[in-house]
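Undergrad: The following block contains a protein sequence and its predicted model.
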Amino acid sequence: MRQEKPKRHGREDDEPPEPAPAGRARDTTVGDDTDELLDEIDGVLEENAVEFVRSYIQKGGE
């Protein structure tokens with residue numbers, strides 16, 4: 001029995017659509033925000049890592 005390939009919807013050609021230029025600017029902003037957050041977490045861990053970890057330990061019944 002011969003199987004048929006499913007029909008594709010959308011663009012007829014095989015080339016992927018070009019990314020929007022504004023997307024690259026947003027990626028940079030998200031990367032900067034992520035770096036700032038990671039720096040803040042590093043600072044907290046350097047000051048008091050034990051307390052940071054204890055805040056995530058489950059208490060009985062949680």
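TA: Noted; the coordinates are in hand.

Undergrad: now the helices: where do they sit in the chain?
TA: Shown for the chain, the helices assigned by DSSP state H span residues 21-54.

Undergrad: distance of Val53 from Leu37?
TA: 18 Å (C-beta to C-beta, to the nearest Å). (C-beta placed from N, C-alpha, C; glycine too.)

Undergrad: got the contact list for Tyr56?
TA: Not one residue lies near Tyr56 by C-beta atoms under 8 Å, 6 or more residues apart in numbering.

Undergrad: Could I get the pLDDT score of it?
TA: At Tyr56, the model reports a pLDDT of 79.

Undergrad: and if you look at Leu37?
TA: In this model, Leu37 is scored at 92, pLDDT.

Undergrad: Could you do the one 5 residues further on as well?
TA: Per-residue confidence at Asp42 stands at 90 (pLDDT).

Undergrad: swap in Gly31?
TA: 82.

Undergrad: And for it, the neighbour number?
TA: 10 (other C-beta atoms under 10 Å).

Undergrad: what's the spacing between it and Gly43?
TA: According to C-beta to C-beta, Gly31 and Gly43 sit 19 Å apart.

Undergrad: What of Asp35?
TA: Computed as C-beta to C-beta, the Asp35 to Gly43 distance reads 13 Å.
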